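S.K.: with the input below, show me the fold.
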Amino acid sequence: MATIGELKVMYSGGSANVDQAMSIGGSISLAAAASVVSQIAGTPSPLIAGIAVLDARGHVAYGAGTLRWVNSSGQLLWRRPGGATFIGVPVVGNGIYTLGDSSGYLIVEVTATLPAATIDSSINISPATNRTFDNISPAQSLSGYADYRCFYLRTAIDVKLWIKKQPDGADTLQIALDPSGLNGTALQLLNEEDTTGVLSAISWSAPITQSGALVLGNLAPGAYRAFWVKRTVPPDTYVQVLENRSSLAFSALV
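M.R.: Have a look, this model is predicted:
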């Protein structure tokens, strides 16, 4: 069964695409930098030999957290920024480990024998920006604008997708499944506005809870399915929001 660390959202736009602006359909990107991230984990200080930090997800607060290796018990622990307790797992060998809980996960990879001592390492968690959509221009905010992005979600069981948080600005999000199905190649747009109407037959919705979520189904190891996100900016939008954040949520059995 998959782990949370293996559950990834990937760009579309071809096997080597790492540019969110080009994630407008076509095949899944397999590039290392094509995984869509919402939060960034900084370089551990001090470094812990044998550990590579891969990802940070779902943190409810930003700032410095603490990664702890406890040699006596063979455990890796994570205390999120602003958190009061350490949460972790025993290390049973090299591999990917997910530390924390729904208030903040740190995903690390153990690549070698860990130190023969207990070590605390500080890791700064910060928000990632412009990883899905780019900035809206003044002209677009005045005339109104709609653009699209296509992403793939891979490797999980009983996957469901919904909108956890709409943008802070005047724009709104809707989501839809691509008709290609399991392991299929998504529809390809000519441009981000879909001026040729490729997506005209897709059914859009904006579910805000798991009970109303889109169902992607079972994605065995290595399997994937494409979905679309539509961003709509209404005409005559005059207020600029510098940190316009939104988030999608997905659930799965791991």
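
S.K.: so for stretch 82-102, mean pLDDT?
M.R.: Mean pLDDT, stretch 82-102: 93.

S.K.: please read the previous query as pertaining to stretch 198-210.
M.R.: 96.

S.K.: now the end-to-end length of it.
M.R.: 28 Å (Cα to Cα, to the nearest Å).

S.K.: offset the numbering so it begins at 58, please.
M.R.: That works, and once the first residue is 58, the last one we named lands at stretch 255-267.

S.K.: name the helices or strands packed onto the lowest-mean-pLDDT helix or strand in the chain?
M.R.: Ranked by mean pLDDT, DSSP states H and E, the weakest helix or strand in the chain is strand 304-310, scoring a mean of 84. If contacts are counted by 3 or more Cβ pairs under 8 Å, 6 or more residues apart in numbering; DSSP states H and E, strand 304-310 sits against strand 202-222. In this view, the C-beta of every residue, glycine as well, is placed from N, C-alpha and C.

S.K.: quick one: the strand it packs on to strand 304-310, angle?
M.R.: 50 degrees (axes from the mean of the first three to the mean of the last three Cα atoms, to 10 degrees).

S.K.: give the buried residues for strand 202-222.
M.R.: Buried residues in strand 202-222, counting neighbours by 16 or more other Cβ atoms under 10 Å, are found at 202-213, 216-220.

S.K.: likewise for stretch 266-283?
M.R.: For stretch 266-283, the neighbour count (16+ other Cβ under 10 Å) marks 270-271, 273, 276, 280-283 as buried.

S.K.: check the offset of stretch 106-121 from the chain's centre.
M.R.: Remark: stretch 106-121 is offset 13 Å from the chain centroid, using Cα atoms, centre = their mean, to the nearest Å.

S.K.: repeat that for stretch 154-163.
M.R.: 14 Å.

S.K.: can you check stretch 135-152 too?
M.R.: 20 Å.

S.K.: what of stretch 118-131?
M.R.: 22 Å.

S.K.: can you list contacts of stretch 301-311?
M.R.: 58-61, 63-64, 66, 95, 184, 210, 213-226, 228, 230, 232, 267, 270, 273, 286 (Cβ atoms under 8 Å, 6 or more residues apart in numbering).

S.K.: now do it: distance to the chain's middle.
M.R.: 7 Å.

S.K.: CA-only coordinates of it, as CSV, when you get a sec.
M.R.: Extracted in CSV, the C-alpha atoms of stretch 301-311 (Å, rounded to 0.1, in the frame of the first residue of the first chain):
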residue,chain,number,x,y,z
ASN,A,301,-3.8,35.3,-2.9
ARG,A,302,-3.8,31.7,-1.6
SER,A,303,-6.1,28.8,-2.2
SER,A,304,-5.8,25.1,-1.6
LEU,A,305,-7.2,21.8,-2.9
ALA,A,306,-7.6,18.8,-0.6
PHE,A,307,-7.5,15.1,-1.3
SER,A,308,-8.1,12.1,0.8
ALA,A,309,-6.9,8.6,0.2
LEU,A,310,-6.3,5.2,2.0
VAL,A,311,-2.5,4.8,2.6
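
S.K.: show me what counts as buried in it.
M.R.: 303, 305-307, 309.

S.K.: need those in TSV (columns: distance to N128).
M.R.: Formatted as TSV, the buried residues of stretch 301-311 follow (distance: Cβ to Cβ, whole Å):
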residue	distance to N128
S303	41
L305	39
A306	36
F307	35
A309	33
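
S.K.: quick check, nearest of these to V149?
M.R.: In terms of Cβ to Cβ, no member of the buried residues of stretch 301-311 lies closer to V149 than A309, at 22.6 Å.

S.K.: distance of the closest one relative to I214?
M.R.: 6 Å (Cβ to Cβ, to the nearest Å).

S.K.: next: V146.
M.R.: On the measure of Cβ to Cβ, V146 and I214 end up 20 Å apart.

S.K.: any idea which of the buried residues of stretch 301-311 is closest to T294?
M.R.: Using Cβ to Cβ, those come closest to T294 at S303, 15.3 Å.

S.K.: any stretches of this protein with poor pLDDT?
M.R.: Applying pLDDT under 70 to the chain flags residues 58-63, 311.
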